[in-house]
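Peer 1: any chance you could fold what I've pasted below:
(chains A and B, ligands or ions: 1)
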Number of protein chains: 2
Amino acid sequence: MRLLLIHSDHIDYQAQKKTPVAEEGAVLQDGLDEALVAFCAVESADEEDIDDVVDRTVAEVLKTAGELKTDRVLVYPYAHLSSDLAAPEAAKKALRGIEEGLNAAGGLTVRRAPFGWYKAFTLSCKGHPLSELSRTIVPGGEEEAAKPAKKT
Amino acid sequence: MRLLLIHSDHIDYQAQKKTPVAEEGAVLQDGLDEALVAFCAVESADEEDIDDVVDRTVAEVLKTAGELKTDRVLVYPYAHLSSDLAAPEAAKKALRGIEEGLNAAGGLTVRRAPFGWYKAFTLSCKGHPLSELSRTIVPGGEEEAAKPAKKT
Ligand SMILES: [Mg+2]
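Peer 2: Model prediction:
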């Protein structure tokens, strides 16, 4: 699982066009102010233990939301964060699991953008030092943070 | 080199705070409408042949800009696209090389966001099927596109 966590002034999206793996029944247009946007790429390695990766992704998002003192989260599928993606059904299961896990934690407004649609979006990143974070989560492993010394 | 190419209605950024590897003398605030934003993560493997990676990155950006019929490009360093980054001096050299190569091609408005600064940004992605593309470029190798069937 590759995660890109962005503390935003504003995020909105509008689903535009289905891909062959488009999720049905999802919210096709939505937006949040003052939110943490969790861009997620579910990777093939995650299929070894989806539940574990989901649990640790939820924990990482909750920790970051707490540090940023935000109570709004948008889970946003973002295939472009990885070149080794999970199968679509596994990815959808993981994304729904992340949404459910965040909701189960309580106290958060949680939204999720649909998987498998081309989407227009507008995103404003706050730009403070903790407003952009990336994480790699592997089944059974430790979270790996980007090296701060190499920040661009 | 990991590239994320976004066809945008609008992009603007404001540099907020230096990191220890901040580039000096760069443009700290800028914006473009109707632009291709080339988010770039220069990777450690690229240090084997920076000039080659720069040349092929320039070619890829020019090809995409042509297909999208846009003549405005913003080169934007984005470390979060990779977990195996080049050393900062190599990254700066590559990013400057990409800017120079795009300018040398002629006919484009080219801007470059500074390396090594925390930046606020606002980005609007158009959302059509070619408005988000990712590429991996390795020295001496072939461009690798994300698998379209796994698009999220
Ligand atoms: Mg427009």
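
Peer 1: and the top strand by length along chain A, what other elements does it pack with?
Peer 2: What stands out as the longest strand in chain A, according to DSSP state E, is strand A:2-18. In terms of contacts (3 or more C-beta pairs under 8 Å, 6 or more residues apart in numbering or on different chains; DSSP states H and E), strand A:2-18 is packed against strand A:29-41, helix A:50-68, strand A:72-77, strand A:117-125, strand A:132-136. Yep, even glycine has a C-beta here, placed from its N, CA and C like the rest.

Peer 1: buried stuff in the longest one?
Peer 2: Pointing back at helix A:50-68 there. A:I50, A:V53, A:V54, A:R56, A:T57, A:V58, A:E60, A:V61, A:L62, A:T64, A:A65, A:L68 (16 or more other C-beta atoms under 10 Å in any protein chain shown).

Peer 1: will you turn those residues into TSV that also has pLDDT?
Peer 2: Output for the buried residues of helix A:50-68, formatted as TSV (pLDDT from 0 to 100):
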residue	pLDDT
A:I50	97
A:V53	98
A:V54	98
A:R56	97
A:T57	98
A:V58	98
A:E60	98
A:V61	98
A:L62	98
A:T64	98
A:A65	98
A:L68	98
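
Peer 1: not counting sequence-adjacent ones, nearest residue to A:P114?
Peer 2: Using C-beta to C-beta, 6 or more residues apart in numbering or on different chains and skipping residues adjacent in sequence, the residue nearest A:P114 is A:A26, 3.4 Å away.

Peer 1: any chance of the backbone angles for the one you found?
Peer 2: Main-chain torsions, A:A26, degrees, to the nearest 10: phi -90, psi 170.

Peer 1: for it, report the pLDDT, please.
Peer 2: On pLDDT, A:A26 comes in at 90.

Peer 1: and for the one 5 residues further on?
Peer 2: Looking at A:G31, its pLDDT is 98.

Peer 1: one step back: out of the helices and strands packed on strand A:2-18, which comes closest to chain B?
Peer 2: strand A:117-125 (2.8 Å; C-beta to the nearest C-beta).

Peer 1: please put the alpha-carbon coordinates of that closest one into PDB.
Peer 2: Extracted in PDB, the C-alpha atoms of strand A:117-125 (Å, rounded to 0.1, in the frame of the first residue of the first chain):
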ATOM      1  CA  TRP A 117     -13.600   6.100 -12.600                       C
ATOM      2  CA  TYR A 118     -11.800   8.900 -14.400                       C
ATOM      3  CA  LYS A 119     -12.300  11.800 -12.000                       C
ATOM      4  CA  ALA A 120     -11.900  15.600 -12.200                       C
ATOM      5  CA  PHE A 121     -10.600  17.000  -8.900                       C
ATOM      6  CA  THR A 122      -9.500  20.200  -7.300                       C
ATOM      7  CA  LEU A 123      -7.100  20.000  -4.400                       C
ATOM      8  CA  SER A 124      -5.600  22.700  -2.200                       C
ATOM      9  CA  CYS A 125      -2.600  21.600  -0.100                       C
END
